[in-house]
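sequence-free structure coming up:
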């Protein structure tokens, strides 16, 4: 057995959903008794239509909302019982990255990195991170109000990298990225996985899911109706499989 695979299998989960359930006051069940885990060096991709419960699941990990039953854990810490401790171990990039439009890329990276308690980065460190996510040097000192959505997304990912948390949550991370940027992003995810990060992704992008995922989960009406490993879906038509579960 490959040593890296063996290490992943022996490790404790960095992200866990345990009987995770969210029922809103109007009776709508957004997440319905969901179980899954993400180990260090693993990428778990959640697929599903709008309203399937993907974003709600991520919001529960981040304690933006509290579960009705069950819990999420980050590095073994309950997200809703010890939210501040749990959040120290996770970085989050949303579909619509909320950064300061009148700050440059470097200023945003510096501000949010210091806000997260990391005050030892140099300008060169920041530049290396921005280059790593696919931004060229000419954009370092440009204000974000002049950036495309894809470029803002890259800034958000740079901030997540600078936080250096063991777990990363990504909600529709390829939204707004052109094919070249999408390829660069997949390469970046593979690099982060090799560093031992546990990565949970919510996406509609079936092609990218099959390309990068170690585990694919399909959500429908709040339920995790399928979980399969990369090996199990290697010779399957994931789009066809997805449509079968959606019917």
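That came through fine. On a predicted model such as this, the values are computed, not experimentally measured, just so you know.

can you count the residues close to residue 199?
Residue 199 is flanked by 26 other residues according to other C-beta atoms under 10 Å. (Glycine included, C-beta is placed from N, CA and C.)

Tell me which residues are up against whichever strand or helix holds it.
Using DSSP states H and E, residue 199 sits in strand 198-203. Outside strand 198-203, the residues that touch it by C-beta atoms under 8 Å, 6 or more residues apart in numbering are 13-15, 38-48, 54-55, 57-58, 61, 166-174, 189, 192-193, 209, 212-213.

Look up phi and psi at the nearest residue to residue 215 once chain neighbours are set aside.
Closest residue to residue 215 apart from its sequence neighbours, by C-beta to C-beta, 6 or more residues apart in numbering: residue 44 at 4.7 Å. Dihedral pair for residue 44: phi -110, psi 120, per degrees, to the nearest 10.

OK, contacts around residue 44?
Residue 44 sits next to 15, 36, 38, 198, 199, 200, 201, 213, 214, 215, 216, 217 when contact means C-beta under 8 Å, 6+ apart.

Return the member of the residues you listed nearest to residue 140.
Ranked by distance to residue 140 (C-beta to C-beta), the contacts of residue 44 are led by residue 199 at 25.7 Å.

Return the distance of the closest one relative to residue 105.
Distance of residue 199 to residue 105, given as C-beta to C-beta, to the nearest Å: 23 Å.

Checking residue 217 next. Helix, strand or coil?
strand (DSSP: H, G, I helix; E, B strand; the rest coil).

Same check on the one 10 residues further on?
Per three-state DSSP, the local secondary structure of residue 227 is strand.

Report the contact partners of it.
Neighbours of residue 227 in contact, by C-beta under 8 Å, 6+ apart: 36, 215, 216, 217, 218.

and what of residue 145?
Residue 145 neighbours (C-beta under 8 Å, 6+ apart): 101, 102.

heads up, I number from 292, so please use that
Sure, I'll start numbering at 292, so the last one becomes residue 436.

How about the backbone phi and psi for it?
Main-chain dihedrals, residue 436, degrees, to the nearest 10: phi -60, psi -20.

on that earlier part again, neighbour-wise, give me the winner out of the contacts of residue 518.
Counting by other C-beta under 10 Å, top hit in the contacts of residue 518: residue 507 with 26 neighbours.

Tell me what the residue lying closest to that residue once chain neighbours are set aside is bridged to.
Once flanking residues are discounted, residue 507 sits nearest to residue 336: 5.2 Å by C-beta to C-beta, 6+ apart. Assessed by DSSP bridges, residue 336 has beta-bridge partners residue 492, residue 507.
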